[in-house]
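Student: would you be able to build a 3D model of this:
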Amino acid sequence: MTRLFNEDWMKQFQSEWNKDTRLTKNTELPKKRLTIGYGFPEESSPRACVVLKNGQIHEAGPYQGQALDWDLRARELHWKDWLNREIGSTSIGLAYTTGKLKFHSGDYWQIIKNPEIKQSFIKGFSIMGRI
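Tutor: So this is what the prediction gives:
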């Protein structure tokens, strides 16, 4: 089984996210609470999720049936590629339009239209790359 998105990995993601004041203090999320799932397209549910409240991750761990605002899926190969290099708007846009990054729930265009959400969304991939 892959280490990506296991409970320890998610706790490290939470710690790294919450240390980054550019994310925790400047995030203008569309609502005060946002639940994001992460996983692989061939699986029936995401592997893990985080709950963001006011820009900080308050919960991170295995997915346990929570209602998701965003459910992000990609093949493990693609996740690892994105986490091993710095990616930006163009890379994320290309991943979405080519089907490498799938939204099982949530709206990619809602993210891209809002500069603050877009910045946090992309920065999240950089945070993941630190783990």
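
Student: after the least confident helix or strand in the chain by mean pLDDT, which helix or strand is next?
Tutor: The weakest-scoring helix or strand in the chain, judged by mean pLDDT, DSSP states H and E, is helix 21-24 (a mean of 70). Using DSSP states H and E, the helix or strand that follows helix 21-24 in sequence is strand 33-39.

Student: show residues contacting the helix or strand just after that next one.
Tutor: Once the chain leaves strand 33-39, the next helix or strand it forms, by DSSP H and E, is strand 48-53. Identification of contacts with strand 48-53 by Cβ atoms under 8 Å, 6 or more residues apart in numbering yields 5-7, 9-10, 13-14, 17, 27, 29, 32-39, 57-63, 66, 68. (C-beta placed from N, C-alpha, C; glycine too.)

Student: ChimeraX command for the buried members of the residues you listed?
Tutor: For the buried members of the contacts of strand 48-53, the matching ChimeraX selection, counting by 16 or more other Cβ atoms under 10 Å, is:
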select :5,9,10,13,14,17,27,29,34,35,36,37,38,39,57,60,61,63,68
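
Student: how about the nearest residue to residue 48, chain neighbours excluded?
Tutor: residue 5 (4.1 Å; Cβ to Cβ, 6 or more residues apart in numbering).

Student: tell me what angle the helix or strand containing residue 9 forms with strand 48-53.
Tutor: Taking DSSP H and E as the criterion, the element that holds residue 9 is helix 7-19. Relative orientation of helix 7-19 and strand 48-53, computed by axes from the mean of the first three to the mean of the last three Cα atoms, to 10 degrees: 30 degrees.

Student: and helix 7-19, what's its mean pLDDT?
Tutor: For helix 7-19, mean pLDDT is 94.

Student: which residues does that helix contact?
Tutor: So helix 7-19 is in contact with 3, 23-24, 48, 50, 56-57, 59-62, 124, 127-128, 130-131, going by Cβ under 8 Å, 6+ apart.

Student: which ones among those lie within strands?
Tutor: Cross-referencing the contacts of helix 7-19 against strands under DSSP state E gives 48, 50, 56-57, 59-62.

Student: fine, thanks again, bye for now.
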